[in-house]
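Trainee: Sequence below, structure please.
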Amino acid sequence: MPDPTGFAWRERKDGTIEITHHGRRAALLRGARAAKFLADIASGDDQHTMARWTGSYKIGNERTARDHPRNRHRR
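Mentor: Okay, here's the model as predicted:
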C-alpha cells in the first residue's frame, strides 16, 4: 500500500489548524484537538499523522466492506 502524500497544514492566527489534501481543506481543528494534533506532528511522520487525523487513509478492508450484503444497497 502506498504511503499517503499531498497533505499540508498551517496554523492560523486564531490558533486553528487547517489540514489540506492536494490543496483542498480536509480538516479544521480547534482548541484541545489542535493542541493534540501539534503534539502528534512533532513526534511522528507528518503525512501519516495528517492522513489519520483527517480519516483519509486506507486500512485494507474497503473492498470487503463494500461487498458485504449490508452495504450492497448503497451502490
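
Trainee: Distance of the residue nearest the centre of the chain relative to Arg70?
Mentor: For the chain, the residue nearest the mean C-alpha position is Thr54 (2.1 Å; CA atoms, centre = their mean). Note on Thr54: its distance to Arg70, by CB to CB, to the nearest Å, is 26 Å. Where C-beta positions appear, they are placed from N, C-alpha and C, glycine not excepted.

Trainee: how about whichever helix in the chain runs longest: buried residues?
Mentor: Using DSSP state H, we find that the single longest helix of the chain is helix 31-42. Buried residues in helix 31-42, defined by neighbour count with 16 or more other CB atoms under 10 Å: 34, 37, 40-41.

Trainee: Give me the contacts around that helix.
Mentor: Residues outside helix 31-42 that contact it (CB atoms under 8 Å, 6 or more residues apart in numbering) are 9, 11, 15-17, 19, 29, 49-50, 53.

Trainee: that older thread, which one of the buried residues of helix 31-42 is nearest to Thr5?
Mentor: Nearest to Thr5 among the buried residues of helix 31-42 is Ile41, at 16.0 Å by CB to CB.

Trainee: what about this protein, any weak spots by pLDDT?
Mentor: 1-2, 56-66, 72-75 (pLDDT under 70).

Trainee: Which residue ranges of it form strands?
Mentor: 7-11, 17-21, 24-29 (DSSP state E).

Trainee: most tightly surrounded among these?
Mentor: Most buried of the strands of the chain, by mean neighbour count (mean count of other CB atoms under 10 Å): strand 17-21, with a mean of 18.

Trainee: Packing partners of it?
Mentor: strand 7-11, strand 24-29, helix 31-42, helix 46-54 (3 or more CB pairs under 8 Å, 6 or more residues apart in numbering; DSSP states H and E).

Trainee: I'd say His48 and Thr54 touch.
Mentor: No. His48 is beyond contact range of Thr54, at 11.2 Å (criterion: CB atoms under 8 Å).
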